[in-house]
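1. got a sequence here, can you model it:
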Amino acid sequence: MGKIKSHKASSKRFSLTGTGKVKINHTNRRHKLGKKSTKRKRDLRQRGYLSDCFTKTVKSLIPKD
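-> Got it, this is the predicted structure:
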């Protein structure tokens, strides 16, 4: 019986909290930052949580992380 492998691309993008929520980084923070307001960039710095409908899928991709 082989090991259960985690999906490496998903494990780099998502992480699990102790309560089982999935943490994500916000998008739109790489380039063209001059067009975006300071408030928008500040809000994008914060961690976000994945919605419940996608949580089951992501947890199956990163079973041991």
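2. alpha carbons only for contacts and neighbour counts from here, please
-> OK.
3. quick check: beta-bridge partners of the residue nearest the centre of the chain?
-> The geometric centre of the chain, computed from its C-alpha atoms, lies nearest to residue 24 (Cα atoms, centre = their mean), at 2.3 Å. Beta bridges link residue 24 to residue 14, residue 48 when assigned by DSSP bridges.
4. begin at 58 from now on, thanks
-> All set: I'll call the first residue 58, so the last point we hit is now residue 81.
5. please name the nearest non-neighbouring residue to residue 72.
-> residue 80 (5.2 Å; Cα to Cα, 6 or more residues apart in numbering).
6. residue 73 is in contact with the one you found, correct?
-> Yes: with contact defined as Cα atoms under 8 Å, residue 80 reaches residue 73; the gap is 6.0 Å.
7. per-residue confidence for the residue at the greatest distance from the centre of the chain?
-> Within the chain, the residue lying farthest from the chain centre (Cα atoms, centre = their mean) is residue 58, at 30.1 Å. Note for residue 58: predicted pLDDT of 79.
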